[in-house]
Structure formats: structure tokens, C-alpha cells
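# Pasted the sequence and its predicted model underneath.
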Amino acid sequence: MVKYFIGGKEYTPGAYAKKRPEAESVAQKYISDMEKAPERMRRSFSTVNIPPCICFSRKIGVGALEIADIVSNRTGLKVVDREVLEHIATSNELSKKTFRAFDEKYPGRLKEVLSAIYGEKSFAGNEFARQLFSTVFSLAGMGSTIFVGRGTHLMLPRERVLAVRFIASKEFRTKRLAEALSVSEDEASPKLDQIDAEQKDYFKNIFNVDIASAYEFDMIINREHLRSTELAARLVETAFREKFGLPSTGHTGE
């Protein structure tokens, strides 16, 4: 997982003030849960109709992970962020386990999906994409999940996803990042430019797209004009419950 140093402070993209478990321990838990899944869950996993999921797409510095944690507390859905996804996808042992779990439940499906997006030639040489897709599908198949980042809304069956895009101006994001790290905006701004450029390169390399089209999403929330994380979380939760016909209150995770 890439970490950055801004004004001498270590920064993981998407992180915020709340202390969260290390990606390694979270990843190990999810893989363990997958291997211990009861037969009923394994049978349901063999269909394409995975449990409904929420996928957050965001510009760095808008607070999407914090909102995801609030939605998780209200619904019981697990949160899988960029750090956890990349830890599994780049770990030889963990990626083999997720790919094996995926291939057992969806024989040949992963190659079919990747080939449709990249073409046979690109798929053959894109090992990271293969591992990332198998990780996302495997985790989603085990139960309703909130994915944060990495374009997961473009990987999963669209009809099973509430896709939410969080945006804000460069100035707003720079100020939030500077405040979070207690550094100057002059120190935060160029690093944010670097992260934005790397994010753009990722989407070009993995999905062959230059920008996130508004037509990809169910909702777009501008954090510059809607600054309450609690309100943003309630909007997402309500949309998720309404879209998939879930109870209006209580935990919904499977």
C-alpha cells in the first residue's frame, strides 16, 4: 500500500482521524471468514446475484472512508477500503486464496469479465487486475459490503450496487488534508496533485477510462456543499435500503 509524506507526516490516502485496524489484520479476518463460510452461504455465492453492495468512488480528501464507517455502524455492512483491497491483491498467499474461492464458485467467470473489459491480450498480462477482481468478487459474494475506492462499482454487477461518487474542489480537499495532518496548505497541495494523477493513471491502466463519468453513479455528493458526514451517511443508507427493498432500520448485512 502506497503511503505518502506531507510536511514530514505520513499519510495513507483516504485515512482520517479515527484509529482503524491494520489492513493486514482486516484482510486476514475476511479471508478466514470466507474459508469458514457455511454451506448455505457458499451455495448462494455460486450465483451471479451477489448480495447488494455499496461502492464509494471519491477524490482523495473528501472524507469518504469516514462516511463509510458511519454507514457500516448503522447497517452492519463490513467496510473494505483501498488499503485492504490492495493488501489482499498484492499478497501472494491471500490473492491465491481469494482467486481459488472465486474460481470454485464462478468457474471461468473472472476471465470472462476481464476479457470483456480489457480484451484477451491485455488480460493475459494484467496480473494485478486479475487478483483485484477476484478479491472484490470474493468479498462481495460473502455478504453485503461497503467498498471504498479502486473503481469497484465498475467490477461488480451494476444491478447489485449502489454506486456513490464523492467530489469537492481542489481547494476544499487541500484544506481538509492540511488540517488533518497539521501541515500547511502549500505542503498539502502538490502532494494532492500527485495522488490525483496516480489515481487517474490507475483508472486508465485498469479500466481504460480517463474520468469518472457521472452516468456511472446512483448518487453524486459534493462535500463542499454537504459537509455533515452524518447527513451524507444517512443519505447513502436511505438510498441503499430503498434501492434494494431492505428494512428501513437495523442491520442489513448478510
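Cool, the structure landed.
# Strands of the stretch 1-150 of the chain, start to end?
Taking DSSP state E, counting those that start in this stretch to define them, one finds strands in the stretch 1-150 of the chain at 4-6, 9-11, 53-58, 78-81, 145-148.
# export these to a markdown table and tack on mean neighbour count, mean pLDDT and distance to Leu94?
All C-beta atoms are positioned from the backbone trio N, CA, C, and that covers glycine. Below are these laid out as a markdown table (neighbours: other CB atoms under 10 Å; pLDDT from 0 to 100; distance: least, CB to CB, whole Å):
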| stretch | mean neighbour count | mean pLDDT | distance to Leu94 |
| --- | --- | --- | --- |
| strand 4-6 | 16 | 66 | 24 |
| strand 9-11 | 14 | 65 | 24 |
| strand 53-58 | 26 | 97 | 20 |
| strand 78-81 | 22 | 92 | 13 |
| strand 145-148 | 27 | 96 | 16 |
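# what's the burial count for Arg165?
Per other CB atoms under 10 Å, the neighbour tally for Arg165 reads 22.
# Okay, helices next: where are they in the stretch 51-200 of the chain?
64-75, 82-90, 92-105, 109-118, 120-125, 127-141, 170-181, 185-207 (DSSP state H, counting those that start in this stretch).
# out of those, nearest to Glu230?
Closest approach to Glu230 among the helices of the stretch 51-200 of the chain (CB to CB): helix 64-75, 6.5 Å.
# ok, now which ones touch Leu77?
For Leu77, the contact set (CB atoms under 8 Å, 6 or more residues apart in numbering) comprises Cys53, Ile54, Val71, Gly143, Ser144, Thr145, Ile146, Thr252, Gly253.
# what's the most distant pair in the residues you listed?
Pairwise distances across the contacts of Leu77 (CB to CB) peak at 14.7 Å, for the pair Val71 and Gly143.
# on that earlier part again, worst mean pLDDT among the helices of the stretch 51-200 of the chain?
Here the helices of the stretch 51-200 of the chain differ in mean pLDDT, and the lowest is helix 120-125 at a mean of 50.
# Verify the contact between Ala64 and Gly149 for me.
Yes - counting by CB atoms under 8 Å, Ala64 touches Gly149, with 7.5 Å between them.
# So between these two, which is more surrounded?
Set Ala64 next to Gly149 and count neighbours by other CB under 10 Å: Ala64 wins out with 27 against 23.
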